[in-house]
Structures are given as structure tokens and as C-alpha cells.
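J.: Here's my sequence, what's the structure:
(2 chains)
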Protein chains: 2
Amino acid sequence: MNAPTRCTNELTGDGPRSAVAALLRIGEPGDGLLTGLVDEVGPITVLELISAVAAGKSSAAEAAQSLSSIGVMVAGGAQLDRAFDRWAVRGEQAHGVRDLESVSRLGGRLVIPSDDEWPAALNDLGPAAPLGLWVRGEARLSTALRRSVAVVGARAASNYGTKCASDLAWDLTAQGFTVVSGGAFGIDAAAHRAAVAGEGTTLAFMAGGVDRFYPAANTELLHQVLDCGAIVSETAPGMTPMRHRFLLRNRLIAASSQVAVIVEAGWRSGALNTARHALELSRAVAAFPGSVYSASSTGTHRLIRFQEAQLVTSCEDVVGLIAAEDPALFDEGDLTSGQRQLPSADPVDDLAEREKICLNVLSATKSLDVGTVAGRAGLTVPDTLSALAVLELAGLGARRESGWVKLRPAT
Amino acid sequence: MNAPTRCTNELTGDGPRSAVAALLRIGEPGDGLLTGLVDEVGPITVLELISAVAAGKSSAAEAAQSLSSIGVMVAGGAQLDRAFDRWAVRGEQAHGVRDLESVSRLGGRLVIPSDDEWPAALNDLGPAAPLGLWVRGEARLSTALRRSVAVVGARAASNYGTKCASDLAWDLTAQGFTVVSGGAFGIDAAAHRAAVAGEGTTLAFMAGGVDRFYPAANTELLHQVLDCGAIVSETAPGMTPMRHRFLLRNRLIAASSQVAVIVEAGWRSGALNTARHALELSRAVAAFPGSVYSASSTGTHRLIRFQEAQLVTSCEDVVGLIAAEDPALFDEGDLTSGQRQLPSADPVDDLAEREKICLNVLSATKSLDVGTVAGRAGLTVPDTLSALAVLELAGLGARRESGWVKLRPAT
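T.: Numbers count the residues shown, from 1 in each chain, chains lettered A, B, ... in the order given. Got it, this is the predicted structure:
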């Protein structure tokens, strides 16, 4: 078990950590503008500017101006004025040290991108990556997420779905995978419960603060998750789960797992949102089949029907999907490095614009034929073929029988 | 109801019809060599040659020789000697007129390719097309198979699968589709039964003679099928169903339907063989999902998982698959023409070898990317692109978002 020694030190005055803590209260999850600023000038500077606006010491326009004067170019910079006004509303309440203290009293900690514990997989979210993660529990994120599968689905799960989720999580646990889910009723709870029963590692990503167990009826289960895994959230302590926070929480579940398995989902289930995030991140997405008469399977059937998810019927099928992926995607080197990485540092820089566009169009999980790549890239087919050939030589793309896929360069 | 007036006339001495009747007893289903000979010189000449060998009036070598002397080129011609020996074994028992009479007494008839009633869809089987079909029942084949869906699956069906098949066949019937199946226990019986209940048209393709109801326990159901559809077989009256005849019978089910829907299938179900035939014929293949704990769904899940079948959950989904196909495939003109057609008469003749190869590689249901086409055709990618462009101009191929597909020329 990793004792959370880090947190104790932070309280004495770790500038970046307490700044991130404050910014996590100021910004809503997925605020790409805030993340962009922090990437450019660091959390302390950003927090100082917001605090100055909040205290009336400077105007939002001045804060925005001061950043442009130091040459910051952030996407959406034109809206910086308004953003500073928005952030300033919460600027007064944001006391990073106080939040660090309160979570530390619960045995928790804040993990930030410069920490060894930071799970590099989350960096795939790019500007939507979280500034930091509040964590409670014995598991170390970087280790736990080295081999992890998201098992999610409907709250209103059927007995069948509950059994599928339970059997899958049990088998994944036996093979040493971390089971990631959302702590909700139904499929999520069944997955966590089986992982706990199997004495495996399981992580619950919450839409509210880690000091609250939501839903309250799952309190006992979530205490068990703490003992053999972790409860994780990017929202500040005390914050309540709200609809948009659930949806944004789902992107963390998708990003932190090699495969997202949707066990049951109704026609408009939130689990489909997790699948969507996983697809956008080029993660493998899988879904369980079920009865055509069950409303709980309409969403999973839809995913399979439109080939957005692979049909799986067992843990073996799920593990097969991981093996089919490029192993370099989640190799040791990638996951233990602390810094937020540009996913394509060296080799991509050498590419011409045409190849870069093609690379962006490619997916790591779904192969595309040349015509499709050309159509999406806005290039002629011959140009596309040349670009793909360059990407293949650079080890960034590969031709499979079913079409072209993106490869991740080894780091 | 179409009275089988034709048969009465045939008995008086329709040479080709009684010759086909005899040849259906002589050859096993799917004997491509026999079909090829009949296509070249007609059934009467072929039967005369076999009869001569059977009666010891000529040797097999002489019979084979006589065909080569009239310039017949048949694939597999080198084995003609042995084939004549094989056919001659049954030549003595083959009395076409007697079979026509016995089936006529049951109210049945023999439908041969030159008849108006001949279902042109079966010509897609090429050299594996049947020489003729024994038919009992009120339905006219060419009309019944204009809009038809095969609903097949496991004999050992679950209650769930039985309900799926029943609901699907009921809904298809309500929309005017003919339900084609194999008359077996389980899924097949459920499909026929629902079509009968819905007062629709349903056809049972049998692996034995149409004078036998197999399995006997389905006798009452098969009598109902006669009343509102037809029982069809290419095997001679009195012949018993045997394993290889079931497998060959499946090709007729696949060829006679626009879509083959596998409702339930175990890991090694014969229904998977029907799916395979349908895929080879570029027919749409669909499968129902089910419980991952049901052995009856392991085969359907496998088909879906490997994208050999589309997941469907309702009649609506199945009909959607037909709409997605090229409507020209089963249009009126194609189905009412009596002659066995070369599927690609005029436009294909104009193609260069390169384009013909690419056309052969393409599938009408599964789109392929350029790389795959090139790989299978043994051509370079630029040559493949040129060939595909020619096929597109000729209306024989089309580029979909997911890749290239084969189009059938309008006839």
C-alpha cells in the first residue's frame, strides 16, 4: 500500500499543488481554456490572475491582456475576458490549501500531472485533460491504470446485465486487470462489487467530490472500493454531482481504460456517452449482447449494429481486444513518465502538412479505407496514398487487411 | 391460387422436363459438372448419354468423347469419364416420367429453368444452381420469392429464440414478405408456423423428396405450409434427407432470399452453413443477439463479432437491410425472366482482364478498401484504382463511405 506521504508535504506550501486544488474548484471539468492557460504559464500564475480579478485588483480585460503581453497563444484566447469574469465568480471561495487539508483528513490526496502517480493515459484527452485528480484509496493511479478495463452500463440493469458485469469484472480481476467504473447503481455497482470480491483493484470515478459517496446507498460498497482501489474525481471536495459533471466524468473513465465495455445500456443511456468518449480517444469499445426484448440492451445493440462497439461475450473476448491493439499504446515507458506528453513528439514534427492531416484522420481502433481517409482529409486519392505510405514508413500508420489504422509511436 | 396445369401437360411427353426429372435422381444436389453439361447440350442429350452407358450400349469414355467431339468445353471435363460411370449407377433407376407422375398425384410439379415460374434468384448459384425443383403447394415460386427472407436457426432453439423467430416471421408476413426456411424443428418451425398463422406465404426447402414430410413430427405444420406456400426440393421423390443434402439444401435457402436471418445457432449449427452460402452469394446476412449464457446464441454472436452478419433485433432492422441493397438485384425484370441468365451478360464482356478480376474480388454486401481489393486481385494499388474507376463508370461497382462494393447491372 502506498502511504499518501506526498499530501502531508503539500500542505506546508506546495505552490503548484495548492494552485491546482484551487483551480479545480474554479473551473468546471473539461474547461479547455483553463487547461490551456495552465499548460502555458503554470497553475500559480493563472490562479494569481484570477484571484486579482476576484479581489477587484484588476479587471478581466487586464488579466487577459497580461497574458497576451507575455506572448501566450491559447485556443479561444479571444474569449479570455469573459472567462476571467466567469472564473472570478468562484475565485473568492477557492482555497486550495483548505481543500488539500480537508481531503488529507479523509486520507486522500491531489494527484497532479507532474507527479509520478499521474496516469499518463489521461493525457490523451489533450486540452480536455483534467488539471489534477482528487484521490482517496490505497491504489496508486499510475500502477492501477497500467492494465485497466472500464465496465459500465445502465443504472436500471436487468438481472442478466448484473450477472454479465459481475462475471466479467470477476474474470478481469483474476487476470490482474483494474476494473474502472462510475460507482453508480446497476452495472457499475455489480462491476465494482465483483472486483472487490475477487480482491482485485477497482477504481470509481465520481461526478462529485471525493468526500461524498454518491449514490448514498452505495456507501458501503464505495468504502470497500477505497480499501482495494480508489475513488477519484476532478471536482472539488463538497461539490455535488450534476448531469453535466456525469457526462464529463465519463471522459475520465474512457481515457483511463484500454477498453470500455458497455454491458447494458438503454436507448439513451449515459454509458453510450462513455462509449462515445472512448471512440474519440481511439480506445477499443465493446458491448455485450442481450435479449432483443430487453430495453436495457437497446443501446448496446445499437452500438454493435453500427459497428461502434465490438460484440463481446466474455472476459476472453475483451482481453482479445487489448491484445489486438498496439501494445506500445500502454507500455511501461508511456505510463510511468510523469510529464504530460505530446502524444506524438518527434516523428510527427517531421511530417508535411498532408501527412499530419492524414494522421489526424486515422483511428487506432477502426481501420479506414483509402477513399474514406481521402474524403475526410480533403485530399485526392493519390495524395492520400502517398501520405499513408510516408506514415507507414514513419511507423505512425499501418495497413491492415481491413484498411489503414493509426499506430502510436513508441516513446 | 395457381393450378398446376403445367404438370398435366408434361406427362404426355415434355422431353426436357422428364429428362430433368431423371437427372435430378441421377445427380446429387450441387453436381456442378452435371449442371455444366446440361447448360451446354440440354438435359435430353445428357440423359441419353448416361442411359446409354447405364444400358451398356456405350462406355463412359465414349460418352465423354462424344461430348468433346461436339466441342463441349465444361469445367472439370477431364473427369467426365469417371462422372459418367458414377451417373450410370443411378441411370437405370431414373425414370423421369414416373417421378413426374408420382409427384403429380400428390398435386405437385417440377419447375425447370425455362418455366415462367422459375425463380431467377437461384441462377446466382451459377454452376451450383439446381437443374430443377420439385414443388408441392399453392405458391408460385417466381412470385413468392420476389420478396423473401430466410429465417433459419438451431433445431434446439430456446424459448427466447422461438419467440424471436415467431415475431420476426409474423412481422415479415404482415409486410408481404415470403418466409423461407428449412422445415426443421426449433427456429425453422417457429418461422413457418408464424407465417402460416399470419396467413402469409412460406416456403420450406427440404433435404429429401417432396413426397416425404421430414421431420415426421412436423407433418401437420408442413401440410399447412402446403396450403399457403410450398414445399420445395431438388432431390427426387422418395429420397431421404442425409447430412450432405441438408448442407446443399441450405444453398437454395440462401439463394432464394434477399436476406438470411439466423435467429439462433450453436457453435457448429447448420444455420451457419446457410449464412456462409448467403455470404458467398453476396446476400445480406443478419443475426439476432441473445444471452451470452445461452449455447444457442454462440453461433450468432460469432457471426456478428466477426462482421459476417449484421446484428438485427426486429423485422424493421431486417427490412432496412433489404432497402440498403441495390434494388435492381431483385427487381421485377430480373425475376420474371425465365431463362437462366448469365448475371453479367453485356457490360462485363467489355471489361479488360484487370477489371474482370477486380469485379470478381468485390462483394455486393461487404465493402472493401482499395488495399484489400488490390491484395486479393494481385494488382498494384494504382492499377486497382484505375480498374475500380472503370467498374464505377460501367455501373458495376460503387464507392461507399466504407469502401468499394459490387453493383449488379440492371437487366
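
J.: tally of neighbours for the residue in chain A that chain B sits nearest to?
T.: Nearest residue of chain A to chain B, counting by CB to the nearest CB: A:Asp369, 2.6 Å away. (Glycine included, C-beta is placed from N, CA and C.) Applying other CB atoms under 10 Å in any protein chain shown, we find 24 residues neighbouring A:Asp369.

J.: for A:Ala389, same thing?
T.: 14.

J.: ok so, going back, need the contact list for the residue of chain A closest to chain B.
T.: A:Gly403, A:Trp404, B:Ser367, B:Leu368, B:Asp369, B:Val370, B:Gly371, B:Thr372, B:Ser402, B:Gly403, B:Trp404 (CB atoms under 8 Å, 6 or more residues apart in numbering or on different chains).

J.: could you give the mean pLDDT of the helix ranked longest in chain A?
T.: Ordering each helix of chain A by length in residues (DSSP state H) puts helix A:159-174 first. Mean per-residue pLDDT for helix A:159-174: 98.

J.: Then stretch A:292-300?
T.: 96.

J.: Centre of the chain to that stretch, how far?
T.: 27 Å (CA atoms, centre = their mean, to the nearest Å).

J.: for stretch A:278-293, same thing?
T.: So, by CA atoms, centre = their mean, the centroid of stretch A:278-293 is 17 Å from its chain's centroid.

J.: Alpha carbons of it, as CSV, please.
T.: Coordinates of each C-alpha in stretch A:278-293 appear next as CSV, following Å, rounded to 0.1, in the frame of the first residue of the first chain:
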residue,chain,number,x,y,z
ALA,A,278,-13.7,6.1,-25.8
LEU,A,279,-14.2,6.1,-29.6
GLU,A,280,-13.0,9.7,-29.8
LEU,A,281,-9.9,8.7,-27.9
SER,A,282,-9.3,5.7,-30.2
ARG,A,283,-9.9,3.3,-27.3
ALA,A,284,-11.5,-0.1,-28.1
VAL,A,285,-15.2,-0.2,-27.3
ALA,A,286,-17.0,-3.4,-26.6
ALA,A,287,-20.6,-4.2,-25.8
PHE,A,288,-22.5,-7.2,-24.5
PRO,A,289,-25.4,-8.6,-26.5
GLY,A,290,-28.7,-9.4,-24.8
SER,A,291,-32.3,-10.1,-25.3
VAL,A,292,-34.0,-8.2,-28.1
TYR,A,293,-36.9,-7.8,-25.8
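
J.: Tell me if that stretch is near chain B.
T.: Yes. Stretch A:278-293 comes into contact with chain B (CB under 8 Å from any CB of the partner chain), by way of A:Phe288, A:Pro289, A:Gly290, A:Ser291, A:Val292, A:Tyr293.

J.: Is the second one located within a helix, as I assumed?
T.: Looking back up the chat, that one is A:Pro289. No. With DSSP: H, G, I helix; E, B strand; the rest coil as the criterion, A:Pro289 is assigned coil and is not in a helix.

J.: Counting neighbours, what do you get for it?
T.: Using other CB under 10 Å: A:Pro289 sits among 26 other residues.

J.: next one: the last one
T.: Neighbourhood size, A:Tyr293 [other CB under 10 Å]: 11.

J.: so what's A:Tyr293 up against?
T.: A:Tyr293 makes contact with B:Tyr160, B:Lys163 under the criterion CB under 8 Å, 6+ apart.

J.: Just read off the phi/psi values of it.
T.: Note on A:Tyr293: backbone dihedrals following degrees, to the nearest 10 are phi -90, psi 0.

J.: And A:Leu37, which helix or strand is it part of?
T.: helix A:32-41 (DSSP states H and E).

J.: Give the buried residues for that helix.
T.: By neighbour count on 16 or more other CB atoms under 10 Å in any protein chain shown, the buried set for helix A:32-41 is A:Gly32, A:Leu33, A:Leu34, A:Thr35, A:Gly36, A:Leu37, A:Val38, A:Asp39, A:Val41.

J.: Give the full set of residues in contact with the most centrally placed residue in chain A.
T.: Of all residues in chain A, the one closest to the mean position by CA atoms, centre = their mean is A:Leu252, 2.5 Å from it. By CB under 8 Å, 6+ apart, the contact set of A:Leu252 is A:Leu122, A:Leu125, A:Pro130, A:Leu133, A:Phe205, A:Val232, A:Glu234.

J.: could you redo the last one with a cut-off of 6 Å?
T.: Going by CB atoms under 6 Å, 6 or more residues apart in numbering or on different chains, A:Leu252 touches A:Phe205.

J.: Format the CA atom coordinates belonging to stretch A:307-315 as PDB.
T.: Provided in PDB are the C-alpha atoms of stretch A:307-315 (Å, rounded to 0.1, in the frame of the first residue of the first chain):
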ATOM      1  CA  GLN A 307     -20.100  -1.100 -35.600                       C
ATOM      2  CA  GLU A 308     -19.200   1.400 -32.900                       C
ATOM      3  CA  ALA A 309     -18.600  -1.400 -30.500                       C
ATOM      4  CA  GLN A 310     -17.400  -4.900 -30.900                       C
ATOM      5  CA  LEU A 311     -19.700  -7.600 -29.700                       C
ATOM      6  CA  VAL A 312     -18.100  -9.500 -26.700                       C
ATOM      7  CA  THR A 313     -19.500 -12.300 -24.700                       C
ATOM      8  CA  SER A 314     -16.700 -12.900 -22.200                       C
ATOM      9  CA  CYS A 315     -13.600 -11.600 -20.500                       C
END
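
J.: If we go by neighbour counts, what in it is buried?
T.: Neighbour-count burial for stretch A:307-315 [16+ other CB under 10 Å]: A:Glu308, A:Ala309, A:Gln310, A:Leu311, A:Val312, A:Thr313, A:Cys315.

J.: Give the other helices and strands that the one helix or strand A:Val103 maps to contacts.
T.: Per DSSP H and E, A:Val103 falls inside helix A:96-105. On a contact count with 3 or more CB pairs under 6 Å, 6 or more residues apart in numbering or on different chains; DSSP states H and E, helix A:96-105 meets helix A:5-11, helix A:15-26.
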